[in-house]
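Student: next one to model:
(one chain, ligands or ions: 2)
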Amino acid sequence: MPELTVIVPTYREAENLPELIERVFTATSCADIKAEMLVVDDNSGDGTEHICADMGKKYSVRLITRKEERGLATAVLCGIRESTTGFLIIMDADLSHPPEEIPNFVHHLRQGADFVIGSGCAQGGSRDPTWSLFQRLNSEVARLLARGLTTVNDPLSGYFAFPRRILTDVPQLSPVGYKIGLEILAKANCRKVVEIPMAVFDRQRGESKLTLRERLLYLRHLRRLYRFRFSRSAEIVQFGAVGISGTGVDLTFFLTLTYLFGVHHQISRALSFIIAASWNWFLNRWFTFVGGRDRKPGKQWLAFLVSASVGFTANWGSYKLLTDNIPYMTQHRLIAFFIGIFLGAGFNYTLSRVFVFRPFEERIRGEGPEVAGEKIV
Ligand code: GDD
Ligand code: MN
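Tutor: Residues are numbered from 1 along each chain as shown. Ligands and ions are numbered 1, 2, ... in the order given. Predicted coordinates for the structure are as follows:
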């Protein structure tokens, strides 16, 4: 039973495969690693199957040809699903990732690492010297954007290894675009992460499939990962920020109506409350809650007004109760004031979350098209 599967997604890599297979198995057998290779090809039609069959006589190479689906990330997931070994390593077929580093990856996995990633950016590594300024800039920006998700220097690298066990607790992996390594790094609980600095070169043969479309998909992928990672806290912070902006709106309208238009102060108080609550509802619908736009606006707006009123009642009611009954609070009204705000906001948030806007987790479970994913292990 091999201990390692080398998963190689390919699309039109026939000219690179023989050298890759040769070098992978030379490297692993020299280091006493029992490895098998799983090539996941998207029906390239360039002779990939003959090469795999041919080399398969000498080495443990298995080919999966996907006819229905296309895409790097889903190809990698397919490879993970179809493999059985404890250790997995993913690499490009184009020889930009030196196979001679595989023993190094395995060494760290055997030492208990949760995730090992090859990096041209880490200290001691290098990237292709022919890269243009634009390519460099592109990579810098892409890496910077992922900073909040992981401390790894280059989480976008396509050369990485991990033990299968880290996937057991991952709710699901959503293969968007190219960065399946980042997806695993962000979603799995990887405590011990190792970066291996290395020289990474651009391919010599064939062409890159990393298009502009993939770059745009990357932004969508990031947004999704940040939401996944910080869903609840992001929601609370946004709800709070919206609430503060709403207080500004409330005050502005109250003062304007009362003093500029001479409206009776109790009436303008009620009006400004409705306007501010509508403002909050609108922002929360569009920005705070992921599933916020799934409901009809009219009903949702009304429901939000009700939850805001309950929040307001809790706010005002607790203030009254505290200052009426507790002498300390009568002297320290500001404390009662803030307790009221806190309680009111808490009620408002909870009701909003449960009854007015659909929460994030539910949407994942419902597998709407945007977050459909699959559980693989
Ligand atoms: N099965 C399958 N299906 N394989 C694919 C597909 C696809 O749709 N698209 C690309 N591949 C394979 C390629 O054949 C290659 O083996 C590997 O995935 C990477 O594709 P490249 O086209 O060589 O990508 P790249 O060199 O531009 O991007 C590399 O570097 C990036 C960081 O700069 C990859 O390693 C990326 O994962 C990495 O983020
Ligand atoms: Mn490449």
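Student: pull the contacting residues for the nearest residue to residue 238 once chain neighbours are set aside.
Tutor: Leaving aside its chain neighbours, residue 238 sits nearest to residue 288 (4.2 Å; criterion: CB to CB, 6 or more residues apart in numbering). Placement of C-beta: from N, CA and C, glycine included. Residues near residue 288 by CB atoms under 8 Å, 6 or more residues apart in numbering: 235, 238-239, 242, 357.
Student: name only those of those that count as buried.
Tutor: Among the contacts of residue 288, those classed as buried by 16 or more other CB atoms under 10 Å are 235, 239, 242, 357.
Student: mind listing what the residue lying closest to residue 118 once chain neighbours are set aside touches?
Tutor: Ranked by CB to CB, 6+ apart and with sequence neighbours excluded, the top spatial neighbour of residue 118 is residue 159, at 3.7 Å. Contacts of residue 159 were listed using CB under 8 Å, 6+ apart, and they are 89-92, 97, 101, 117-118, 198, 200.
Student: and residue 159, how far is that from residue 121?
Tutor: 12 Å (CB to CB, to the nearest Å).
Student: so which of the buried ones among the contacts of residue 288 are in strands?
Tutor: Residues of those located in strands (DSSP state E): none.
Student: next, format these as CSV and append distance to ligand 1.
Tutor: Below are the buried ones among the contacts of residue 288 laid out as CSV (distance: CB to the nearest ligand atom, whole Å):
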residue, distance to ligand 1
235, 30
239, 35
242, 36
357, 35
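Student: closest to ligand 2 among those residues?
Tutor: residue 235 (37.8 Å; CB to the ion).
Student: was I right to think that closest one contacts residue 292?
Tutor: No: at 10.1 Å, residue 235 does not count as touching residue 292 under the criterion of CB atoms under 8 Å.
Student: show me where the chain has helices.
Tutor: 17-30, 48-56, 72-82, 102-110, 133-145, 180-187, 212-255, 265-283, 297-325, 327-331, 333-351, 360-366 (DSSP state H).
Student: and those helices, which is most packed in?
Tutor: helix 180-187 (a mean of 24; mean count of other CB atoms under 10 Å).
Student: and the helices of the chain: which comes nearest residue 165?
Tutor: Distance to residue 165, taken as CB to CB, is lowest for helix 102-110 among these, at 10.7 Å.
Student: quick check: mean pLDDT of the closest one?
Tutor: Across helix 102-110, pLDDT averages out at 98.
Student: for the residue lying closest to residue 249 once chain neighbours are set aside, give me the pLDDT.
Tutor: Nearest residue to residue 249 in three dimensions, chain neighbours excluded: residue 276, at 4.5 Å (CB to CB, 6+ apart). Per-residue confidence (pLDDT) for residue 276: 94.
Student: try the one 3 residues further on
Tutor: In the prediction, the pLDDT value recorded for residue 279 is 97.
Student: which of the helices of the chain comes out lowest on mean pLDDT?
Tutor: Ranked by mean pLDDT, those end with helix 360-366 in last place, scoring a mean of 43.
Student: quick check: the residue of the stretch 151-300 of the chain nearest ligand 1.
Tutor: residue 158 (2.3 Å; CB to the nearest ligand atom).
Student: got the contact list for that residue?
Tutor: 72, 90-92, 97, 178, 181.
Student: what's the answer for residue 340, then?
Tutor: Applying CB under 8 Å, 6+ apart, we find residue 340 in contact with 314-319, 322.
Student: domain parsing for the chain?
Tutor: 4-230, 232-359 (automatic domain parsing).
Student: the most centrally placed residue in the chain and residue 231, how far apart?
Tutor: The residue lying closest to the centre of the chain (CA atoms, centre = their mean) is residue 225, at 1.3 Å. Using CB to CB, residue 225 is found at 11 Å from residue 231.
Student: now residue 334
Tutor: 33 Å.
Student: with residue 39 instead?
Tutor: For residue 39, the distance to residue 231 (CB to CB) stands at 36 Å.
Student: again with residue 78
Tutor: 28 Å.
Student: show me which residues of this protein sit near ligand 1.
Tutor: Neighbours of ligand 1 within the chain, by CB under 6 Å from any ligand atom: 9-11, 13, 40-42, 70-72, 75, 92-94, 96, 156-158, 178-179, 203, 208-210.
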